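1. Structure for this input, please:
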Amino acid sequence: MPEKVFVYFNLHKKLWSVKDTKTGKVCEYVDVIHLRDVTFKVSEAGRQRVLSEKRKNVHAGVEGYLCQLDDGGDYEQVTYNPYKYEKFVRRGNLEAVDTADSVKMISGEGKVPPQVAALNPA
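-> Numbering: from 1, shown residues only. Got it, this is the predicted structure:
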């Protein structure tokens, strides 16, 4: 398993797709993943394609290093919706975020949406 990855939610599998940043290939699908030294990425061209076609495509995700879960700290919910926001935002106050110390990502089940919780989002 690669150390640095790009993770996005796979709408078809209802799991997180984990892509190796060196090869660009998906190496795993997971329910839960933890990353450190995180950057939230959104391709503006991909976002514009979603807006014009009204059809979702992979254009946003989280890049970082695989790590073990650290339950310490005050994690905040982070979300992204291409129809509402240009970037990932804090769920509470809708303030844009670009980075975080770490994230825990859970795919959700049934009608529960996928969740991204960030430690020290900035």
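2. which residues of this structure score low on pLDDT?
-> Low-confidence segments of the chain, defined by pLDDT under 70: 1-2.
3. For it, which segments count as strands?
-> In the chain, the strands defined using DSSP state E lie at 4-10, 15-20, 26-30, 32-42, 60-66, 75-79, 89-90, 99-106, 115-119.
4. export the third one as CSV, just CAs?
-> When you say that, I think you mean strand 26-30. Extracted in CSV, the C-alpha atoms of strand 26-30 (Å, rounded to 0.1, in the frame of the first residue of the first chain):
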residue,chain,number,x,y,z
VAL,A,26,-6.8,3.0,-7.4
CYS,A,27,-5.2,0.5,-5.1
GLU,A,28,-8.0,-0.2,-2.7
TYR,A,29,-11.7,0.5,-1.7
VAL,A,30,-12.3,1.1,2.0
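5. what's the offset of it from the middle of its chain?
-> 14 Å (C-alpha atoms, centre = their mean, to the nearest Å).
6. relative orientation of that strand and strand 99-106 in degrees?
-> Relative orientation of strand 26-30 and strand 99-106, computed by axes from the mean of the first three to the mean of the last three C-alpha atoms, to 10 degrees: 60 degrees.
7. So which other helices or strands are in contact with strand 26-30?
-> With contacts defined as 3 or more C-beta pairs under 8 Å, 6 or more residues apart in numbering; DSSP states H and E, strand 26-30 has these neighbours: strand 15-20. (Each C-beta comes from the backbone N, C-alpha and C, glycine too.)
8. and the strand it packs on, what other elements does it pack with?
-> Contacts defined by 3+ C-beta pairs under 8 Å, 6+ apart place strand 15-20 against strand 4-10, strand 26-30, strand 32-42.
9. So what angle separates the directions of the shortest one and strand 4-10?
-> Compare the direction of strand 26-30 with that of strand 4-10 by the same axes, to 10 degrees and you get 60 degrees.
10. quick one: contacts of strand 26-30?
-> Residues outside strand 26-30 that contact it (C-beta atoms under 8 Å, 6 or more residues apart in numbering) are Met1, Pro2, Val5, Asn10, Lys13, Leu15, Trp16, Ser17, Val18, Lys19, Asp20, Ser107.
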